[in-house]
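J.: sharing a sequence plus its predicted fold:
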Amino acid sequence: DPKIIQKPKYLVAVTGSEKILICEQYLGHNAMYWYRQSAKKPLEFMFSYSYQKLMDNQTASSRFQPQSSKKNHLDLQITALKPDDSATYFCASSQESLQDTQYFGPGTRLLVL
Amino acid sequence: GDSVTQTEGPVTVSESESLIINCTYSATSIAYPNLFWYVRYPGEGLQLLLKVITAGQKGSSRGFEATYNKETTSFHLQKASVQESDSAVYYCALANSAGNKLTFGIGTRVLVRP
């Protein structure tokens, strides 16, 4: 059974629209993360949360807003979508936020037209 | 900032041949970062392949090995005899001083021919 669920698997959006990427983890972890991988680039760290609180934000744009309604959820809301936002977005989690191994979900592939 | 450089793919090898994927790192946030290899099989998410937290130590998993070399700031991944099931994308990564942020290399796609 998948331990980290990301929904949807694929997503096509039009420029200017808003989308929410869903992430749920069933590992009992207290820390969650978002990473992004654009074409021909490495995975880039975006956010880290610990006990539902924002710990680190490396995303310059306020168009990206994580939302944690439950301890095992960390959704990512993206507003005013741009073609440059096209990427695969990976959610990850770890037991705690410090020096713990991170486990990744399968990713959501977003295409903005 | 921290950075990771790894072999550009795709790398194509035949079954039972050896494989090496080079990885070098530059860490400004921490002198001796934790180092990782992750693997992504087709249709799946990233999985931790191995992790080494002590300079000079070797990690191993599923026949793969990587040694943490602080002198050359390298963490090359090797396997003596690959199988078709090893076809995947391999990512080298390091953790920052707080351990809450991973910096990844670009990933190396490996294709193993039967």
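T.: The structure has been received and is ready for your questions.

J.: quick check: which ranges of the chain have low pLDDT?
T.: Assuming you mean chain A. Filtered on pLDDT under 70, chain A yields the residue ranges A:1-2, A:98.

J.: could you do chain B instead?
T.: Counting by pLDDT under 70, chain B contains no low-confidence range.

J.: kindly state the beta-bridge partners for B:S26.
T.: The partner list for B:S26 in beta bridges (DSSP bridges) reads B:S3.

J.: to clarify, my last question referred to B:K79.
T.: Beta-bridge partners, per DSSP bridges, of B:K79: B:L19, B:F64.

J.: tally of neighbours for it?
T.: For B:K79, the neighbour count with other CB atoms under 10 Å in any protein chain shown is 20. The C-beta positions use only the backbone N, C-alpha and C, and glycine is treated the same way.

J.: OK, contacts around it?
T.: Neighbour list for B:K79: B:S18, B:L19, B:G63, B:F64, B:E65, B:D86 [criterion: CB atoms under 8 Å, 6 or more residues apart in numbering or on different chains].

J.: mind checking which of those are buried?
T.: For the contacts of B:K79, a burial check counting by 16 or more other CB atoms under 10 Å in any protein chain shown picks out B:L19, B:F64, B:D86.

J.: before we move on, the earlier item: the contacts of B:K79: which two are farthest apart?
T.: With CB to CB as the measure, no two of those lie farther apart than B:E65 and B:D86, at 13.3 Å.

J.: need the contacts of B:K79 in CSV (columns: distance to A:L76).
T.: Output for the contacts of B:K79, formatted as CSV (distance: CB to CB, whole Å):
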residue, distance to A:L76
B:S18, 40
B:L19, 35
B:G63, 36
B:F64, 32
B:E65, 36
B:D86, 32
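
J.: now do the contacts for B:H76.
T.: Contacts of B:H76 (CB under 8 Å, 6+ apart): B:I20, B:I21, B:N22, B:C23, B:A66, B:T67.

J.: just give the closest residue to it, not the sequence neighbours.
T.: Nearest non-adjacent residue to B:H76, counting by CB to CB, 6 or more residues apart in numbering or on different chains: B:N22, 5.1 Å away.

J.: nearest residue to the residue of chain A found nearest chain B in space, please, no chain neighbours.
T.: Of all residues in chain A, A:Q99 sits closest to chain B, at 3.3 Å by CB to the nearest CB. Closest residue in space to A:Q99, ignoring its immediate chain neighbours: B:G99 at 3.3 Å, by CB to CB, 6+ apart.

J.: and the one you found, what does it touch?
T.: With contacts defined as CB under 8 Å, 6+ apart, the neighbours of B:G99 are A:S97, A:L98, A:Q99, A:D100, B:N34.
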